[in-house]
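Turn this into a model:
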Amino acid sequence: MLYLHSLSEAEEVFKALSAPMRLRIMDLIYKNENMSMNDLAEALELTNSAISLHVSKLESAGLVKIKTISGKRGIMKLVQPTHHRMIVDLSGSEVETMVRPCY
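Model prediction:
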């Protein structure tokens, strides 16, 4: 489980998930364990380089891990979720200082 204690700690995760295509990637890898980069590209009708870019942003945010294995036709990169659950705790004092009054 990924437990984020504040909004500032969660900022990179939110940025990574702000792209609709990355949300679709996350949805696919949660539903289908051990999807390869090629599987993702085919399922989402994207180029391998576009999938690589999106997956690298998710990996940088700590949301996915890439496992390299030998496949039928060479090396295969599997994309797997790092966490099965994510909690962002907004009960800290940081939230109170960030909230602006609405008029």
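
only C-alpha atoms for contact and neighbour calcs from this point on.
Noted.

isn't L2 right next to H83, touching?
Yes. With contacts counted by Cα atoms under 8 Å, L2 reaches H83, the gap being 6.0 Å.

Identify each buried residue in stretch 33-44, please.
N34, M35, S36, M37, N38, D39, L40, A41 (16 or more other Cα atoms under 10 Å).

actually stretch 49-64, not the one I typed
Buried residues in stretch 49-64, counted by 16+ other Cα under 10 Å: I51, S52, H54, V55, S56, K57, L58, E59, A61, G62, L63, V64.

Not counting that stretch itself, show me its contacts.
Residues from elsewhere that reach stretch 49-64, judged by Cα atoms under 8 Å, 6 or more residues apart in numbering: 12-13, 16-17, 21-22, 25, 37, 40-41, 65-66, 79-83.

pLDDT weak spots in this protein?
Across the chain, the ranges flagged by pLDDT under 70 are 92-103.

how does it look with 90?
1-10, 33-34, 71-74, 84-103 (pLDDT under 90).

Okay, helices next: where are they in it?
7-16, 20-31, 37-44, 48-60, 93-98 (DSSP state H).

What are the buried residues along the first one?
Residues L7, A10, E12, V13, A16 are the ones in helix 7-16 that count as buried (16+ other Cα under 10 Å).

what sits against the fourth one?
This points to V13. By Cα under 8 Å, 6+ apart, the residues touching V13 are L58, A61, G62, L63.

swap in the second one?
Applying Cα under 8 Å, 6+ apart to A10 gives the contacts L4, V88.

The same query, at a cut-off of 6 Å, please.
L4 (Cα atoms under 6 Å, 6 or more residues apart in numbering).

Look up how far E59 lies from it.
Between A10 and E59 the computed distance is 14 Å (Cα to Cα, to the nearest Å).

Could you work out the end-to-end span of stretch 62-75 for me?
23 Å.
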